[in-house]
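> what follows is a protein structure lacking sequence information:
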């Protein structure tokens, strides 16, 4: 293809995504606009602006070709409720981490002035063993990339039942030296103990890092019993 022809062909394409050098281009300018506009603006944009029913069909076909694994469906009220619950749960977990002396970054990395780094993942819904195993294997491969070679992983589960499921998944993959799990209620307990002087930051680090057992709740039980005595 000559340079002139190539330039003409390229001029009819619109880049809508560029990730790690991989570009997603479409030829429909309206589709390009929808895919690149702010999400809030996109929600109020009407697909009927494309014109005729044939134009809408072409839009859908091109969208499928541009991103074959992407399903274009409008968000539902449940989707929005789930997203809100997820944000609130993660914010709660991060606040608890900060409350016991960690520096918590938006991407879930908790850094201690002791030099320990923990990659936290807050899971706000009940999980199956298959889902927990997927989370565990995924974080095992990405841990160093996301938080550094010396970082461990801490799953923060919405209930003790989900924490138990993660505990099994971690044991099955023999990742005791890299991963821990805690329920949000037990993390809240650590925060309370920290505030009343029952544990200091160094002890909290020991609880939440691989120096302790897989399930932090087991060690907390010992601490609670000692406090009662």
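Ah, there it is. Note that the coordinates shown come from a computational prediction; the quantities given were computed from them, not determined experimentally.

> quick one, helices of the chain?
Under the criterion DSSP state H, the chain contains helices at 3-11, 29-36, 39-44, 53-66, 77-99, 129-147, 160-172, 184-195, 201-208, 216-228.

> so residue 129 touches residue 168, yeah?
Yes: the pair residue 129 / residue 168 is scored as a contact, 6.2 Å apart, by Cβ atoms under 8 Å. C-beta coordinates here come from the backbone N, C-alpha and C atoms, glycine included.

> which stretches of this protein have low pLDDT?
1-74, 211-214, 222-223, 225-229 (pLDDT under 70).

> mind running it again at 90?
1-83, 114, 149-150, 176-177, 198-199, 202-203, 206-207, 209-229 (pLDDT under 90).

> show me what residue 119 bridges to in the sheet.
residue 109, residue 153 (DSSP bridges).

> in contact with it, which residues?
108, 109, 110, 139, 143, 146, 147, 151, 152, 153, 154 (Cβ atoms under 8 Å, 6 or more residues apart in numbering).

> again with residue 191
Counting by Cβ under 8 Å, 6+ apart, residue 191 has contacts 96, 99, 100.

> adding neighbour count and distance to residue 224, write the residues you listed out as CSV.
Below are those laid out as CSV (neighbours: other Cβ atoms under 10 Å; distance: Cβ to Cβ, whole Å):
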residue, neighbour count, distance to residue 224
96, 23, 17
99, 17, 18
100, 23, 16
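
> need the residues you listed in a markdown table (columns: distance to residue 116).
A markdown table is the format used below for the contacts of residue 191 (distance: Cβ to Cβ, whole Å):
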| residue | distance to residue 116 |
| --- | --- |
| 96 | 17 |
| 99 | 17 |
| 100 | 12 |
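
> which of the residues you listed lies closest to residue 159?
Using Cβ to Cβ, residue 96 comes nearest to residue 159 of these, at 15.6 Å.

> list the buried residues of stretch 151-169.
151-158, 160, 162-167, 169 (16 or more other Cβ atoms under 10 Å).

> end-to-end on that stretch?
With Cα to Cα, to the nearest Å applied, stretch 151-169 spans 19 Å between its terminal residues.

> surely residue 183 is in contact with residue 159?
Yes: using Cβ under 8 Å, residue 183 is in contact with residue 159, at 5.9 Å.

> how about residue 193: what's its closest non-neighbour residue?
Computed as Cβ to Cβ, 6 or more residues apart in numbering, the closest residue to residue 193 that is not its neighbour in sequence is residue 199, at 4.7 Å.

> ugh, wrong one, residue 195
residue 99 (7.6 Å).

> that neighbour reaches residue 189, doesn't it?
No: Residue 99 is not in contact with residue 189 according to Cβ under 8 Å; the separation is 11.9 Å.

> where's residue 190 relative to residue 142, distance?
When Cβ to Cβ, to the nearest Å is applied, the distance between residue 190 and residue 142 equals 26 Å.

> of those two, give the one with the bigger neighbour count.
Using other Cβ atoms under 10 Å as the criterion, residue 190 and residue 142 rank with residue 190 on top: 24 against 12.

> contacts only, for that one.
Taking Cβ under 8 Å, 6+ apart, one finds 96, 100, 182, 199, 204, 207, 208, 216, 220 in contact with residue 190.
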